[in-house]
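# Build me a structure from this.
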Amino acid sequence: MLVAAAVCPCPPLLVPEVAAGAAPELDVARKACLDAMGVLTAAKPDLLVVTGPAGPGGEGPFPPGSAGSFAAFGVGLTVRLGEAAAGSPAPERPLPASLAVGAWLLGRARWDAAPAEGLGVGEPLATGRCLRTGADLAARAERVALLVMGDGSACRTVKAPGYLDERAADFDAAAARALGSADLAALSALDESLAYELKAAGRAPWQVLAGAARGAGLGGQLLYEDAPYGVGYTVAAWS
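Next up, the predicted model:
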C-alpha cells in the first residue's frame with residue numbers, strides 16, 4: 001500500500017553542478033524538494049520507487065544501483081539509485097534524465113530508509129495504463145513510497161521551450177491544486193492530449209501516483225509552485 005509520496009520537478013537544472021552560475025535561481029525549489037523527501041523518510045517505507053517521464057529506451061523498471069549521468073549536459077557527474085543487491089552485478093541500463101535527477105535528490109537527502117528502484121514512464125502512456133501501473137506499484141510491498149518526478153507545461157512564456165500557450169497557466173494551476181490536495185479524481189482527469197500539446201511531461205507520472213494512491217486515504221500539501229524559465233514546477237508531499 002502507498003504510505004507516502006513526494007512530487008518534484010525534474011529539470012537537470014535542479015542539480016547545482018548543471019545549473020552552474022544559475023543554481024541560486026532554483027534554491028527555493030530544491031529546498032522544497034528536500035522537505036518533501038523528509039515526508040518519505042518519516043513514513044518508514046519498505047520500498048521506494050522513483051518514477052518519472054522517459055523517452056524510448058528509458059521506459060520500464062530500473063533495479064537498485066542503476067546509474068545515471070549528466071554528461072549530456074556538460075557535467076561529469078554520475079548518480080546512483082540506491083545500492084545494488086549484494087552479489088548482484090551493477091545494472092548497465094542508464095537512468096533517463098528524470099530518474100537521474102531523482103537519484104540526485106536521494107543522494108542529497110542521504111536516503112537510506114528503504115531499497116530504491118526506478119520506473120521510467122513513457123510520456124504518451126494512456127491514463128488507464130498509468131492508473132493500473134500505479135496500482136501495481138502500490139501492491140509491491142506492505143509500505144510503499146513514491147518519489148514522483150515530472151514537470152508541468154513548458155509553454156508559460158514566449159521564452160519557454162514550447163513558446164507561449166494561453167492554456168498553459170490554467171493547466172498548471174489545475175495540476176498544482178490536484179497535487180497539493182491529493183485529489184485523485186482531478187489528477188486522473190488531466191487531459192492527455194492537452195498535456196502533450198503543452199509539453200507537460202509530468203502528466204503520466206502524476207497519473208501513476210493517482211493509481212497508486214487509490215484507497216490509501218493520503219492527504220496532500222503543496223510546498224512549491226512556480227514557472228521559472230517558462231516551465232511549470234510543482235512540489236508536493238502526500239502522507
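# okay, CA-based contacts and neighbour counts for the rest of this
OK.
# what's the closest non-adjacent residue to residue 222?
Excluding the flanking residues, the one nearest residue 222 by CA to CA, 6 or more residues apart in numbering is residue 180, at 4.1 Å.
# dump the residue contacts of the one you found.
220-223, 236-237 (CA atoms under 8 Å, 6 or more residues apart in numbering).
# In strands, which of those fall?
220-223, 236-237 (DSSP state E).
# And the furthest pair within these?
220 and 223 (9.5 Å; CA to CA).
# Touching both of these two, which residues are there?
Common neighbours of residue 220 and residue 223 (CA under 8 Å, 6+ apart) are 180, 236-237.
# Which residue would you name as the spatial centre of this structure?
Nearest residue to the geometric centre of the chain (CA atoms, centre = their mean): residue 149, 0.8 Å.
# Spit out the contact partners of the nearest residue to that one once chain neighbours are set aside.
Nearest non-adjacent residue to residue 149, counting by CA to CA, 6+ apart: residue 52, 4.6 Å away. Contact analysis of residue 52 by CA under 8 Å, 6+ apart lists 10, 98-99, 119-121, 148-150, 202, 205.
# Can you lay out those as TSV showing secondary structure, distance to residue 174 and pLDDT?
TSV is the format used below for the contacts of residue 52 (DSSP: H, G, I helix; E, B strand; the rest coil; distance: CA to CA, whole Å; pLDDT from 0 to 100):
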residue	secondary structure	distance to residue 174	pLDDT
10	coil	19	98
98	helix	22	98
99	helix	24	98
119	strand	25	98
120	strand	24	98
121	strand	21	98
148	strand	17	98
149	strand	17	98
150	coil	15	98
202	coil	13	98
205	helix	16	98
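# between those residues, which is nearest residue 162?
Using CA to CA, the contacts of residue 52 come closest to residue 162 at residue 202, 14.9 Å.
# so who does that closest one touch?
52-53, 123, 149-152.
# hmm, 7 Å instead?
Listed by CA atoms under 7 Å, 6 or more residues apart in numbering, the contact partners of residue 202 are 53, 149-152.
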